[in-house]
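[1] Here's my sequence, what's the structure:
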Amino acid sequence: MPNAAAPAATTRQRIITAVLQIIGEGGVAAVTNRRIAKEAGVSLGSVTYHFETQHDLLRESLLYFVRAEARHFTELADQCQTEGIDLEDAASLAGQVACGTALDSAHLAPFELYIHAGRDERLREAAAEAFRAYDRLATQILTALGVPDAERLAATTVALVMGLQLRRLATGSPAEDLVDALLLLAPGAAARSAERTTSSLNAERTQ
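    This next block holds a predicted model:
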């Protein structure tokens, strides 16, 4: 029985990998069962056997990508906790997350899927799972840096990193641009957060 399950899992993964490749090359509209079968090297029947609808295909492909990212991010977050990092280390780490990949079609696929999630509410929970993973890593990094209110600032940090990553994918700008931007912006974010915390404490004391 275990041996019988293994080929099915392999086929399913090949289909998902093919879907991500196709989306990266031509967008969601390019995804057809016939093209998936050709790219994955499987029969047309295998595609419909594992995924009854295109929605199932897109959702599972996004979740597959997200969960792989989440595992990687968890390892990086644990590294932050155990080793301790300074601001330059944090910027370098963000560079690894956002720019440590090749500028190829496979890495355009997640952006295509996030945009598609804006049109199809059935994909939004999968997209939300992705951003929760990003937010967790950002919170860990900001906390390790001693930034006050790290959890509240995490989503803004993620938006900055992803925006710069999208800019890099669109323009081919170097990874150093992202690192430089974080080095410029992070001290300001930390200072403003600290000022708000101090103002809040002072206000409580005067009440």
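
[2] C-alpha from now on. contacts and neighbour counts both.
    Will do.

[3] all helices of this protein, in order?
    2-26, 33-40, 44-50, 54-83, 87-99, 109-119, 124-144, 150-171, 175-206 (DSSP state H).

[4] Excluding chain neighbours, what is closest to Leu108?
    Setting aside the residues directly before and after it, Leu108 is nearest to Gly24 in space (C-alpha to C-alpha, 6 or more residues apart in numbering), at 4.8 Å.

[5] Over to Leu44?
    Ala37 (5.3 Å).

[6] By mean pLDDT, which helix or strand of the chain comes out lowest?
    helix 175-206 (a mean of 55; mean pLDDT, DSSP states H and E).

[7] Report the buried residues of stretch 138-157.
    Across stretch 138-157, burial judged by 16 or more other C-alpha atoms under 10 Å covers 138-145, 147-151, 153-155, 157.

[8] and what of stretch 28-42?
    Quick answer for stretch 28-42 (16+ other C-alpha under 10 Å): 28, 31, 33, 36-37, 39-40, 42.

[9] Just put these in JSON lines and tack on distance to Asp120 and pLDDT.
    Formatted as JSON lines, the buried residues of stretch 28-42 follow (distance: C-alpha to C-alpha, whole Å; pLDDT from 0 to 100):
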{"residue": "Val28", "distance to Asp120": "12", "pLDDT": "89"}
{"residue": "Val31", "distance to Asp120": "16", "pLDDT": "93"}
{"residue": "Asn33", "distance to Asp120": "20", "pLDDT": "94"}
{"residue": "Ile36", "distance to Asp120": "21", "pLDDT": "95"}
{"residue": "Ala37", "distance to Asp120": "24", "pLDDT": "95"}
{"residue": "Glu39", "distance to Asp120": "25", "pLDDT": "94"}
{"residue": "Ala40", "distance to Asp120": "25", "pLDDT": "93"}
{"residue": "Val42", "distance to Asp120": "28", "pLDDT": "94"}
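
[10] Considering the residues you listed, which is situated nearest to Gly163?
    Comparing the buried residues of stretch 28-42 against Gly163 with C-alpha to C-alpha places Val28 closest, at 20.7 Å.

[11] got a list of what the residue nearest to the closest one when sequence neighbours are not counted touches?
    When the adjacent residues along the chain are set aside, Val28 lies closest to Glu112, with 7.0 Å between them (C-alpha to C-alpha, 6+ apart). Counting by C-alpha atoms under 8 Å, 6 or more residues apart in numbering, Glu112 touches 23-24, 27-28.
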